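Novice: Test case, fold it:
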Amino acid sequence: MEASVSDPKKRRQHLPETATGVAGLTNCGAVTLIAVSVQTGKAVITASSSADGKFALKIGKRTSASLDSVVADYLLIATGSSKEGYSLAGQLGHSIVDTVPSLFTFKINDPDLTELSGVGPMLVTHWGLSGPVILRLSAWGARDLHSSGYKGTLIVDFTPDLHKEEVKAVLLNHKKKFVKQKMVNSSPPEFDLFKRCWKYLLNREGVAEDILWASVSSETLFSVASLLKDCSFEVTGKGQFKDEFVTAGGVPLSEISLNTMESKLKRNLFLAGEILNIDGVTGGFNFQVRDPSF
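Specialist: Take a look at the predicted model:
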């Protein structure tokens, strides 16, 4: 299975980069080599274990009301975040941590914000905010965000490498150097903000577009400094949940032997992938549990 290192943080993305392409890799030569029979149009309805350690499965067909019976010595449940998989794990004695969406974008109702679309850790979309930093935040706060109905206040620090007093000093120094330039056209390079973002922030503070640096009061500069360090956005919801994103929750890792992925509750029962209570940032655990070579 091919993969590429996509950024300095060593996060990896599968090639091809489409969900259907990744799914298609399950039909690669490795599957044929070990003589795996892939059956489609069927679903495992129930699973139970007997005293002799064997597993009894009831399998239903989409085109028939009848059920087939299968007895197996070993059972692997790798059903992703499907409800059916959680049900099977529960039937075999495992507990399930309540599931909630993870790795999603934030909806923000701010028409002016849409003018800031670009490339970076935080991306602006036509519905709000996205990008690696937002997806990571949604993963870390998945349960709190779920309990709040995906509503709240997001605080963004646009100058994380500078303390507030340092930001004030930069603004005062820039004013001295560029007295004859319009404030909107001259952003301090220390902030590393692209022009549209700088203009957006000044507009939020009510700074006139034609004002020169020479005419900007210290009070206004300090107000801009506060906004740069503590810019709030009202989150009104999350982006649409998609299957290619991940779910937090599932079978607790405490019930699994992580060396073998075998259940601690049932011998010869194995669980792997998103059915487990594990998720992470983009290119993180959600790929690792699917591809052990990572």
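Novice: Check which helices and strands the helix or strand containing residue 248 sits against.
Specialist: Using DSSP states H and E, residue 248 maps to strand 246-250. Applying 3 or more CB pairs under 8 Å, 6 or more residues apart in numbering; DSSP states H and E, we find strand 246-250 packed against strand 97-102. For the C-beta atoms, the positions are set from N, CA and C on the backbone; glycine is no exception.
Novice: Following the chain onward from the strand it packs on, which element is next?
Specialist: Downstream of strand 97-102, the next assigned helix or strand under DSSP H and E is strand 106-108.
Novice: Neighbouring strands - and their directions - for the strand holding residue 248?
Specialist: Strand 246-250 sits in its sheet next to strand 97-102 (antiparallel), going by DSSP bridges.
Novice: what sits up against the strand it pairs with?
Specialist: With contact meaning CB atoms under 8 Å, 6 or more residues apart in numbering, strand 97-102 is reached by 81, 86, 138-139, 142-143, 146, 238, 241, 245-252, 277, 279.
Novice: What subset of these is buried?
Specialist: 81, 86, 138-139, 142, 146, 238, 245-251, 277, 279 (16 or more other CB atoms under 10 Å).
Novice: re earlier: as PDB, could you dump the C-alpha coordinates of the strand holding residue 248?
Specialist: Listed in PDB are the C-alpha atoms of strand 246-250, where the atom choice follows Å, rounded to 0.1, in the frame of the first residue of the first chain:
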ATOM      1  CA  VAL A 246     -13.700   9.400  12.000                       C
ATOM      2  CA  THR A 247     -15.700   8.600  15.100                       C
ATOM      3  CA  ALA A 248     -14.600   8.900  18.700                       C
ATOM      4  CA  GLY A 249     -15.900   6.000  20.900                       C
ATOM      5  CA  GLY A 250     -16.200   2.300  20.500                       C
END
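Novice: And the helix or strand just after it, what does it pack against?
Specialist: Using DSSP H and E, the helix or strand that follows strand 246-250 towards the C-terminus is strand 256-257. If you count contacts as 3+ CB pairs under 8 Å, 6+ apart, strand 256-257 packs onto strand 262-263.
Novice: ok now the strand it packs on, how far from the chain's centre?
Specialist: 27 Å (CA atoms, centre = their mean, to the nearest Å).
Novice: now that strand: mean pLDDT?
Specialist: Strand 262-263 comes out with an average pLDDT of 98.
Novice: what is the mean pLDDT for the strand holding residue 248?
Specialist: Throughout strand 246-250, pLDDT has a mean value of 88.
Novice: Figure out how far it is from the centre of its chain.
Specialist: Taking CA atoms, centre = their mean, the mean C-alpha location of strand 246-250 is offset from the chain mean by 11 Å.
Novice: Same question for stretch 209-229.
Specialist: Averaging C-alpha positions (CA atoms, centre = their mean) puts stretch 209-229 36 Å from its chain's average.
Novice: can you list contacts of it?
Specialist: Residues contacting stretch 209-229 (CB under 8 Å, 6+ apart): 157-159, 164, 167-168, 171-172, 174-175, 178-184, 186, 191, 199, 201-205, 207.
Novice: What's the ChimeraX line that selects buried ones from those residues?
Specialist: The ChimeraX command for the buried members of the contacts of stretch 209-229 (criterion: 16+ other CB under 10 Å) is given here:
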select :158,159,167,168,171,174,175,178,183,184,186,191,199,201,202,207
